[in-house]
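**Student:** Here is a sequence together with a model predicted from it:
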Amino acid sequence: MNTSIVGRHIKIDDKIKESIYKSADSFKKYHLDIISVSAKISKEERHKKPLITFEFVINIANIDTVVVKQKDQDLHKAIDLASHRVAKILRRHHDKIKSHDATKLTEAFEKNDDEIND
């Protein structure tokens, strides 16, 4: 899995990079074929207050790209909220794949035919 971090108008220190890498590594537990994770951080001023925009862009094989944006005044809070939202999306997708593979359509029809014949 490729992980890249881009900062716009903000300096990214090692503590922030470590937090982002740790969040990206936590996505591996869903056993989806994640190709790359890109984190984009930008800082802007709204109403004379600094506003941080954090964005995760996750490329998954055989699936479209997952994009999650989170805006907050605190960077660490934005990273945590975005990683929780990504985890929720990946968990739901993993559960959908897992439940789909659990009962195959042919097995369901065979069970139904056996019940009808008995």
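**Tutor:** Done, it's in. Residues are numbered from 1 along each chain as shown.
**Student:** Please count neighbours and contacts with C-alpha atoms only from this point.
**Tutor:** OK.
**Student:** Can you mark which positions in the strand or helix carrying residue 99 are buried?
**Tutor:** Here residue 99, judged by DSSP states H and E, is contained in helix 75-102. Of the residues in helix 75-102, 75-76, 78-83, 85-87, 90-91, 94 count as buried by neighbour count, 16 or more other C-alpha atoms under 10 Å.
**Student:** before we move on, what about stretch 14-31?
**Tutor:** Buried residues in stretch 14-31, counted by 16+ other C-alpha under 10 Å: 20, 23-24, 27.
**Student:** Among those residues, which ones are in helices?
**Tutor:** In helices, defined here by DSSP state H, the members of the buried residues of stretch 14-31 are 20, 23-24.
**Student:** low-scoring pLDDT stretches of this structure, where are they?
**Tutor:** 100-118 (pLDDT under 70).
**Student:** quick one: residue 7 from residue 80, how far?
**Tutor:** Applying C-alpha to C-alpha, to the nearest Å, the value for residue 7 to residue 80 is 17 Å.
**Student:** who touches residue 63 in this structure?
**Tutor:** Residue 63 makes contact with no residue, according to C-alpha atoms under 8 Å, 6 or more residues apart in numbering.
**Student:** which phi and psi does it have?
**Tutor:** Residue 63 has phi and psi values of phi -140, psi 160 when expressed as degrees, to the nearest 10.
**Student:** Can we start the residue count at 48 from this point?
**Tutor:** That works, and once the first residue is 48, the last one we named lands at residue 110.
**Student:** Present the buried residues of stretch 61-78 as a markdown table; the columns should include distance to residue 92.
**Tutor:** As requested, the buried residues of stretch 61-78 are arranged in a markdown table below (distance: C-alpha to C-alpha, whole Å):
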| residue | distance to residue 92 |
| --- | --- |
| 67 | 23 |
| 70 | 26 |
| 71 | 27 |
| 74 | 31 |
